[in-house]
Each structure stands twice: as structure tokens, then as C-alpha cells.
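Undergrad: A predicted structure for the sequence below; I have some questions about it.
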Amino acid sequence: MPEAMAHMDMSNIQPRRYHRIGITVLTGFIKDIFIANGCSESNAQIMANVCIEADLRGHSIQGIDHIYSILRDLANGVLIGDAAPRVISDTGATLLIDGAGCPGYVGGVFAAEQLIEKTRRMGTASAALQDAGDLFMLGYYAEQFARAGLIGLVFTNTWPPRVHPAGGIDPILGTNPLAIGIPTGAKPIVFDSATSTSAIGHVRLADYHGEKIAPGIALDADGVPTTDPGEALQGALTPMAGHKGFGLGLCIALLSGAMAGGELGSRLDIVARSNDRSLGKRSHLFIAIDPAAFGDPTVARSRADTYLSEIKAGRRMPGVDEILMPGERSARARTNNLGQGVPILAEVWDRICRFAADADVAIPSVTGER
């Protein structure tokens, strides 16, 4: 079960139907869909690669299920499929990147690559990415930093607004996730979390299947707590841990929005729906640190490994087989799914195939539902 599903009410969930699709076939198919909808070949390849990583890791709510929103924004000119991000300001330890309307996957990969190179020279560096679409699974970019031996932090101010503030009922904040990647001697620690009690994607999937959501996740449009996902989608998600989650989500909005040159709140809602770039920009923030700036990185990784081993060797609660580190479950899912095929919900696959048919993209044959 994906880590974020811990907040969902599992008692009423019926078995979901999946297809298992080979990674090569799936990547080519998704790439072709993006190309048919106006993306350059290089952008489409990046988008397919990063998009599918979410499904590989068991985070399907950040993967292929979200292609609908990308295609919608491409069609409306909100995103530009052949846009190429570029650095427009470099102060030595900071980068300002103009995404020029590029899909978020493209801008995120570009920002990470540029920042890795700069951080190795400077010891620490940050980058603001402006005018780029949704980054989706932030952990992907944070892991790129960690695998390069760097500490990576990624913040984004998501749209549309889904989360109510402490004491309020209107959805005014995004789910505003953050991701942290930390290198170790073995697999990196990758923490990726929304600041809402549940990611909106889990609510959306529950709505697909006529399931209930757990109490405490959402309010309806009138501010009344609800377990109906349809009502939740018309209302607001709760901030995780109440006022603490609200404070964290607000700070992430300010850091990755206003402080990174982007819009917030109702202004962001206008900008994110428009192809008029004079109205303002969406923005994201990346920060990287080289542990070598503070001492021998080999020693640092060894200390981290020792501490992680100590945690994993600790006493467990009844019914718990293993204490898992952030990112460990998704890394195992990735290995398993590379061998067995990427699991795609049948409902999501059917929708993607309709997009492909509309664009005259050949649909590959897949195994039956499982």
C-alpha cells in the first residue's frame, strides 16, 4: 500500500482493476500522446519518463492519471509543449529559470540538472523556476539531488487551491508539498509529502470507484466534515495536523510562490487558468546543499547509515513486520514493477486510450485486467 494511503479508510475499498504494462511499451505510448498534443520529442521523452516514475513507485496519483490536466493545459495554451527553459539570472549561488510555459516535468528536470552542477561548485545553491506547469511527484527531483551526493529540497505552491486554513472553510491553499532528498551510503532517504491530511489524488481515486474517504480528510462546500469524495472535491481538504499543517503549507506557498516570483491565492488561480503570461507566473523553489561543505561526505553518509540501522533495529509495534524509512517502500515497488510491468488502473488506462484515439495515436495491446 502506498505510504500516503495510510490516511484512507480501507474498510470499504473493493479490489481495483489494473493492467500490467511493460515499461518500454508504456513509455513509448505516453511519449507519442504528448508529441501528438504539441510537445517536442525531447520534452515528450522527459515527460513520459518522469510521469511513469510515479506509477512505477506506487504513487499513481502523481503519474499517468494526471495526463488529463497536462493535455487540457496544452490545448488551452496554458502550457507550451515545445518550450525550452533557460537560465535568465545567475548570481553565483542562485538561479532564476524561465520555464517559458514548459510542462512542469521539463522545467523540474532542467532546474535539478542546473542546480546540481552549481551546488558542486558553490557548496549550496537555490533556483526559482517560473512559468512552468505542475511538478507533480516532487520526490523524483529530490532523489536526483541525493543520488548526486547532495541534499535536495523542493517546494511548490500547487493549483488549484484545495486546502482550508486553520479556522476557515474556504479552499485557499494548495496541497503544497515538500520533498527532501538526503544521500546515505546505501539508498537515499526521500521524503515527499503534501501538507494536507490526504493528497487530493486519493480523494479523486476514491470518487472514481464510489468509495468513502476517512473522517477528518475533508469538508463539503458548506464547511461540514464529509466522507463523500465527491463532496470533498467540491469542498476543501483539511491541513495535516491542524494549525501545524496550515502553517507549514502557508510557508511553502510563500517560499515557492511569492518569494520565488510567483502568484498566490486568487491571483494564482487566475494565472494558472490563462495563457496570458502578462498576468503573472506560477513558480517553484529548489534548494541544494553539498555535505562536503561541512566535512567529509563519506563520514556523513556512514553516520547516517549507522543511525538508520539503529532505527530499523528498534522495537516494533504489534503487527508491524519492519520499520521502513521514507522512500523505502516506493523503491521496492519500483524494482518489482520494472519486472512485472507498471500497474495502471483500468479506469485510468481507458481514459488514456481515449486521449490516444482522439490524437490518432496507436494503442498498444495490454494484458487483461488484474
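TA: All right, it came through fine. Residues are numbered from 1 along each chain as shown.
Undergrad: list the contacts for A100?
TA: I80, A83, A84, P85, R86, D131 (Cβ atoms under 8 Å, 6 or more residues apart in numbering). The C-beta positions use only the backbone N, C-alpha and C, and glycine is treated the same way.
Undergrad: three-state assignment of it?
TA: Put simply, A100 is strand when judged by DSSP: H, G, I helix; E, B strand; the rest coil.
Undergrad: what about it, distance to C251?
TA: According to Cβ to Cβ, to the nearest Å, A100 stands 28 Å off from C251.
Undergrad: cool, and A199?
TA: In this view, A199 and C251 are 19 Å apart by Cβ to Cβ.
Undergrad: neighbour count winner among those two?
TA: Taking other Cβ atoms under 10 Å, A199 and C251 do not tie; A199 has more neighbours (25 against 15).
Undergrad: I'd guessed that one sits against S60; true?
TA: No. Between A199 and S60 there is no contact, the gap being 11.0 Å when judged by Cβ atoms under 8 Å.
Undergrad: can I get the CA coordinates of the lowest-mean-pLDDT helix or strand in the chain in CSV?
TA: Using mean pLDDT, DSSP states H and E, helix 200-208 stands out as the lowest-scoring helix or strand of the chain, at a mean of 90. Only the C-alpha atoms of helix 200-208 are listed here, as CSV (Å, rounded to 0.1, in the frame of the first residue of the first chain):
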residue,chain,number,x,y,z
ILE,A,200,-6.2,15.2,-3.4
GLY,A,201,-5.3,12.3,-5.7
HIS,A,202,-6.5,9.7,-3.1
VAL,A,203,-9.8,11.5,-2.9
ARG,A,204,-10.1,11.6,-6.7
LEU,A,205,-9.4,7.8,-6.9
ALA,A,206,-12.0,7.1,-4.2
ASP,A,207,-14.5,9.1,-6.3
TYR,A,208,-13.7,7.0,-9.4
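Undergrad: Can you get me the centre-to-centre distance for it and its chain?
TA: Helix 200-208 sits 15 Å away from the centroid of its parent chain (Cα atoms, centre = their mean, to the nearest Å).
Undergrad: name the helices or strands packed onto that helix?
TA: If contacts are counted by 3 or more Cβ pairs under 8 Å, 6 or more residues apart in numbering; DSSP states H and E, helix 200-208 sits against helix 229-234.
Undergrad: tell me what whichever helix or strand comes after the helix it packs on is packed against?
TA: Going down the chain from helix 229-234, the next helix or strand is strand 236-237, by DSSP states H and E. Judged by 3+ Cβ pairs under 8 Å, 6+ apart, the packing partners of strand 236-237 are strand 218-219.
Undergrad: Name the residues that touch the strand it packs on?
TA: For strand 218-219, contacts defined as Cβ under 8 Å, 6+ apart pick out 164, 169, 197-198, 203, 225-226, 229, 231-232, 235-238.
Undergrad: circling back to that earlier point, now, among the contacts of A100, which is nearest to L338?
TA: P85 (28.9 Å; Cβ to Cβ).
Undergrad: about what we covered before: nearest to R277, out of the contacts of A100: which one, please.
TA: Among the contacts of A100, and counting by Cβ to Cβ, the member closest to R277 is D131, at 6.6 Å.
Undergrad: Please name the residues that touch the closest one.
TA: Taking Cβ under 8 Å, 6+ apart as the definition, contacts of D131 comprise D98, G99, A100, G101, C102, R277, K281, R282, S283.
Undergrad: can you give me the strands in this structure?
TA: Ranges of strands within the chain are 18-21, 86-90, 94-102, 124-132, 151-156, 178-182, 189-193, 218-219, 225-226, 236-237, 283-289, 342-345, based on DSSP state E.
Undergrad: Pipe those into a markdown table and attach distance to L255 per row.
TA: Formatted as a markdown table, those follow (distance: least, Cβ to Cβ, whole Å):
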| stretch | distance to L255 |
| --- | --- |
| strand 18-21 | 37 |
| strand 86-90 | 18 |
| strand 94-102 | 14 |
| strand 124-132 | 10 |
| strand 151-156 | 5 |
| strand 178-182 | 9 |
| strand 189-193 | 15 |
| strand 218-219 | 25 |
| strand 225-226 | 30 |
| strand 236-237 | 20 |
| strand 283-289 | 5 |
| strand 342-345 | 33 |
